[in-house]
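Asks: The following comprises the amino acid sequence and a computationally predicted model.
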Amino acid sequence: MLKRIALSTLALSALLAAQTIKKVPVTQTSPVDGKAMYNEYCAVCHGQDGRGNGPAAPAMKKTVTDLTKLAMNNKGNFPDAKVGHAIEGDPLLVSHGSLDMPVWGNLFKSLSGSTDSIVRMRVVNLTDYIKTLQTK
């Protein structure tokens, strides 16, 4: 019985450890490559396919957004401006209220040599890539 309790405790500890999200510094990517930025910055939560099934998703306080349904949930129109604001870190968006999703605008600004125009280029190209993930 004691052995069973010890194994259960170890299993629970492993499960909780697996749900800890390690925060690391932002890695430099090309501001013109939306797919590379997505893979580097977004896929860990949203998944490679954009469905919200990335390896860090289970540790989130809120369900990670399924990016493949953004257009479908917006009457068939991809919400470019809303996605761009979410990436940049619009303070009015609920998704950033818990700080589960990084405010990428600030992180992009922290990259060496980043100007406002380069940050904007990153946001536009990342938004354009997310648009390609939409399901029909």
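Replies: Arrived safely, thanks for sending. Numbering: from 1, shown residues only.
Asks: From here on, just use CA atoms for contacts and neighbour counts.
Replies: Noted.
Asks: Where does the nearest residue to residue 56 once chain neighbours are set aside fall, secondary structure wise?
Replies: Counting by C-alpha to C-alpha, 6 or more residues apart in numbering, residue 56 lies nearest to residue 45, which is 5.0 Å off, once chain neighbours are set aside. Element membership of residue 45, judged by DSSP states H and E, is helix 43-46.
Asks: swap in residue 55?
Replies: Here residue 55 is assigned to no helix or strand, by DSSP H and E.
Asks: ok, the closest residue to it other than its chain neighbours - contacts?
Replies: Sequence neighbours aside, residue 44 is the residue nearest to residue 55 in space, at 5.6 Å (criterion: C-alpha to C-alpha, 6+ apart). Residue 44 sits next to 54-57 when contact means C-alpha atoms under 8 Å, 6 or more residues apart in numbering.
Asks: can you give me the mean pLDDT across the helix holding residue 45?
Replies: On average, the pLDDT along helix 43-46 is 94.
Asks: next helix or strand past that helix?
Replies: Following helix 43-46 in sequence order, the next helix or strand is helix 80-88 (DSSP H and E).
Asks: Return the list of helices and strands in contact with that following helix.
Replies: helix 104-110, helix 116-132 (3 or more C-alpha pairs under 8 Å, 6 or more residues apart in numbering; DSSP states H and E).
Asks: I'd like the ones you listed as TSV, with distance to residue 76, mean pLDDT and mean neighbour count appended.
Replies: Compiled in TSV, the helices and strands packed on helix 80-88 are given as follows (distance: least, C-alpha to C-alpha, whole Å; pLDDT from 0 to 100; neighbours: other C-alpha atoms under 10 Å):
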stretch	distance to residue 76	mean pLDDT	mean neighbour count
helix 104-110	26	88	18
helix 116-132	12	96	19
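Asks: In CSV, list those along with distance to residue 31.
Replies: Compiled in CSV, the helices and strands packed on helix 80-88 are given as follows (distance: least, C-alpha to C-alpha, whole Å):
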stretch, distance to residue 31
helix 104-110, 9
helix 116-132, 5
